[in-house]
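> what shape does this take:
(2 chains)
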Amino acid sequence: MINEILILLAKVIIIILIPLGVLPLIIHVERRGAAFIQKRVGPNRVGPFGLLQPLADVVKFMFKEEVAPSHVRPFFYKLAPIFAVMVALMPLASIPLCAPFIIGGETIFPESFRSSMGIFYVFAAASLGSYAILIAGWASNNKFSMLGAIRASAQMVSYELSMSITLVAMFFLYGTNDLHQMVAYQNETILGFLPRWGFFYQPIATVIFLVGIFAESNRLPFDLAEGESELVAGYHVEYSSMKFALFFMAEYIHMIVLSAVFIILFFGGYNLLPGMSLLENMIPLPILQTASLIIKVGLMIWLFVWVRWSLPRLRYDQLMDLGWKRLLPLGIINLIITVAFIYFQK
Amino acid sequence: MNLLPVILFVVIGFLLGIGLLTVSVLLGKKPKTVREHDIYESGVNPVGSATRRYDVKFYLTAVLFLLFDVEVVFLFPWALTYQESSMKGLMIAEFVFFMFIFIVGYLFVLFSKSLDWED
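Here you go, the predicted structure:
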């Protein structure tokens, strides 16, 4: 009993510390990446290569003036950033970092919340993020916040639909909703050299899902909720100091979680990258698998940065058109083709 | 007991949020001027109230999402049981029938211009 609780605590702490630990690094990569794409220098003064800049920022956020404007609805205004971080951490409970492994005759599952409904739990918890934005926008009692929040909720809801449809196609292909089994399915190779990733079977679903996670995490080109040119900062106009930092944190954790789900569904999850199996004798397999997943998520984060500084923001009607008139029909067609293909294959 | 990890995550997230906010309240400067308490509106005096009317299309989008999402949710158990089922033909027939309803509904929404945002 005590053993079980200790193992659970260890799992929870590891899965929470990894995203929180790489968060400063991600923010640094984002800023240096932006500078690189725009031919600037970027933050390079604090520490080697400016690596300590995020820490300096945290200290700055702590010592900032703590303003709670008088026109806001105080309880919900304070609740929103806390809620944002809370629901951003929640889906981490069901993300598998590595395959189940055996220590002392006992099989240990890497995810702390082990359930047959794991992936549904991840999606349910991830979509709670839109409530944080809604609460923030409404509680701020500001025109910009309100507009940003309404836009964000309509946008997140629209893209969730196409994502769910692609998820149906993926379930149909894998024949399971267990994340470990999905990853195991992708462990083999096709045509002798290609890894059997979901991407090679479902390229359309991959594209739809990728666009969906950009929209879900409110990143450019879908950051209509905080379009600077029209809404100043959208739902967090009235937030400053640590309260703003919490929203910032929540957005990045959200990105990490959705990238991890994307990798597990389409890019082989924690399966070892080519060449990594050479290290198998020196380093335990679970650690290698975790490293592999983290590297893949890191590449996804770079994609986020790359896209953010390359593509312009969509107009709102274009955004809704893309979600409802392009991605949704495309998802339906993709599902029908998948079903037909698997049915006639036999 | 099975839900203990989820409760643990909620508690940790909540404490993290509260903790960081408390640090900021304790360490941060106290606001000095009254103007800081004004509604932010690009530096000019606020015009009108924040709870103004907004386009009904947002509401319509939410309703349509509910409708379609429930339909998609019905597909999940179908997709998960397909490979174990012995009557594949019947399952496919069900799928065709269901998708027919789905697509007719979608086309109706599309042609009733509920999805058009530019006007």
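> then residue A:102 would be within a helix, right?
No: counting by DSSP: H, G, I helix; E, B strand; the rest coil, residue A:102 falls outside a helix, being strand.
> which helix or strand contains the residue sitting nearest the centre point of chain B?
Nearest to the geometric centre of chain B sits residue B:62, at 8.5 Å (C-alpha atoms, centre = their mean). Residue B:62 belongs to helix B:56-81 when assigned by DSSP states H and E.
> what helix or strand is the closest residue to the residue nearest to the centre of chain B other than its chain neighbours on?
Closest residue to residue B:62 apart from its sequence neighbours, by C-beta to C-beta, 6 or more residues apart in numbering or on different chains: residue A:157 at 6.2 Å. In short, each C-beta sits where N, CA and C put it, glycine included. Assessed by DSSP H and E, residue A:157 sits inside helix A:143-174.
> for the nearest residue to residue A:120 once chain neighbours are set aside, what are its contacts?
Computed as C-beta to C-beta, 6+ apart, the closest residue to residue A:120 that is not its neighbour in sequence is residue A:177, at 7.4 Å. Applying C-beta atoms under 8 Å, 6 or more residues apart in numbering or on different chains, we find residue A:177 in contact with A:116-120, A:171, B:76, B:80.
> before we move on, which element is the residue found closest to residue A:311 once you drop the neighbours it is linked to in the chain in?
Distance criterion C-beta to C-beta, 6+ apart; nearest residue to residue A:311, sequence neighbours excluded, is residue A:221 at 4.3 Å. Under DSSP H and E, no helix or strand contains residue A:221.
> now do residue A:221, the pLDDT please.
Note for residue A:221: predicted pLDDT of 83.
> so what's the residue count around it?
18 (other C-beta atoms under 10 Å in any protein chain shown).
> pretty sure it contacts residue A:312?
Yes: judged on C-beta atoms under 8 Å, residue A:221 makes contact with residue A:312 at a distance of 6.5 Å.
> hang on, the earlier thing: isn't the residue nearest to the centre of chain B right up against residue A:156?
No: between residue B:62 and residue A:156 there is no contact under C-beta under 8 Å: 10.7 Å.
> show me the helices in the chain, by range?
Using chain A here. Per DSSP state H, chain A carries helices over the ranges A:2-37, A:53-63, A:74-89, A:118-127, A:129-139, A:143-174, A:179-185, A:198-201, A:203-216, A:228-231, A:241-266, A:285-308, A:316-321, A:328-345.
> to clarify, I was referring to chain B.
Assigned by DSSP H, the helices in chain B fall at B:4-27, B:56-81, B:88-111.
> and the ones you listed: which comes nearest residue A:189?
Closest approach to residue A:189 among the helices of chain B is made by helix B:56-81 (25.2 Å; C-beta to C-beta).
> run through the neighbouring helices and strands of that closest one.
Here helix B:56-81 touches helix A:143-174, helix B:88-111, going by 3 or more C-beta pairs under 8 Å, 6 or more residues apart in numbering or on different chains; DSSP states H and E.
> contacts for stretch B:28-44?
Stretch B:28-44 is contacted from outside by A:62-67, A:69-71, A:141-144, A:232, A:237-238, A:241-242, B:45-47, B:50, using C-beta under 8 Å, 6+ apart.
> any of the residues you listed buried? List them.
Buried subset of the contacts of stretch B:28-44 (neighbour count, 16 or more other C-beta atoms under 10 Å in any protein chain shown): A:62, A:64, A:66-67, A:69, A:71, A:141-144, A:232, A:237-238, A:241-242, B:50.
> for the residues you listed, which one is nearest residue A:332?
Once C-beta to C-beta is applied, the member of these that ends up nearest residue A:332 is residue A:144, at 35.8 Å.
> thought residue A:247 was touching residue A:136?
Yes: at 7.3 Å, residue A:247 counts as touching residue A:136 under the criterion of C-beta under 8 Å.
> buried ones in the lowest-mean-pLDDT helix or strand in chain A?
None of the helices or strands of chain A scores lower by mean pLDDT, DSSP states H and E than helix A:228-231, at a mean of 72. Buried residues in helix A:228-231, counting neighbours by 16+ other C-beta under 10 Å, are found at residue A:231.
> check which helices and strands that helix sits against.
Using 3+ C-beta pairs under 8 Å, 6+ apart: helix A:228-231 touches helix A:143-174.
> quick one: mean pLDDT over the helix it packs on.
Per-residue scores along helix A:143-174 average to 87.
> and that helix, how far out from the chain's middle?
Centroid separation between helix A:143-174 and its chain, computed with C-alpha atoms, centre = their mean, to the nearest Å, is 13 Å.
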